[in-house]
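Participant: what's the 3D shape of this:
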Amino acid sequence: MWSRRDWHSFFDVVRKRHMPRPLRPVDRSWRNRLEPAEGYSLAELDDAGLTIEQAENLGLPVDAGRVGAYGPNVSALREYIRATRSRF
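Facilitator: Now for the predicted structure:
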């Protein structure tokens, strides 16, 4: 039977394994509105310092057809990378 200390250590391990979910990428539409994008563009990945393989290992969606980089997407990627690296 588990004691209270065992349960606390179990939940500490479970909380540490929880990874934050990445923000969904957005892109400007032709009406100058923001719409959800299929994935991050290659330029955004490059600006954030990621390769395609690293992005796929992190579970990030990649859209090779998108051209250009949107600043808030790059910022969100950098924050996500910092959050995932500090967990492990």
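Participant: shaky segments in the protein?
Facilitator: For the chain, residues meeting the criterion pLDDT under 70 lie at 16-20, 86-88.
Participant: go with 50
Facilitator: 88 (pLDDT under 50).
Participant: Centre-most residue in it?
Facilitator: P22 (3.0 Å; CA atoms, centre = their mean).
Participant: How much space separates that residue from F10?
Facilitator: 27 Å (CB to CB, to the nearest Å). Any C-beta I mention is one placed from the backbone N, CA and C, and that applies to glycine too.
Participant: again with G39
Facilitator: In terms of CB to CB, G39 sits 36 Å off from F10.
Participant: Repeat that for A69.
Facilitator: From A69 to F10 the distance is 42 Å (CB to CB).
Participant: Of those two, which one has the most company?
Facilitator: Neighbours were counted for A69 and for F10 using other CB atoms under 10 Å; A69 has more, 16 against 11.
Participant: Nearest residue to that one in space, please, no chain neighbours.
Facilitator: A43 (4.0 Å; CB to CB, 6 or more residues apart in numbering).
Participant: Neighbours of that neighbour, how many?
Facilitator: A43 has 15 nearby residues by other CB under 10 Å.
Participant: Spell out which helix or strand contains it, please.
Facilitator: helix 42-48 (DSSP states H and E).
Participant: Identify all contacting residues around that helix.
Facilitator: By CB atoms under 8 Å, 6 or more residues apart in numbering, the residues outside helix 42-48 that reach it are 25, 51-52, 55, 62, 64, 66-70, 73-74, 77-78, 81.
Participant: of all the residues you listed, which two lie farthest apart?
Facilitator: For the contacts of helix 42-48, the maximum inter-member distance is 22.5 Å, found between V67 and I81 (CB to CB).
Participant: who's more crowded, these two?
Facilitator: Shown here are V67 and I81; by other CB under 10 Å, I81 has more neighbours (18 against 9).
Participant: wait, the more buried one sits on G49?
Facilitator: Yes: because the distance of 7.4 Å satisfies CB atoms under 8 Å, I81 is recorded as touching G49.
Participant: And what about E35, helix, strand or coil?
Facilitator: What DSSP: H, G, I helix; E, B strand; the rest coil gives for E35 is strand.
Participant: Hmm, it is touching S29, no?
Facilitator: Yes: the pair E35 / S29 is scored as a contact, 4.7 Å apart, by CB under 8 Å.
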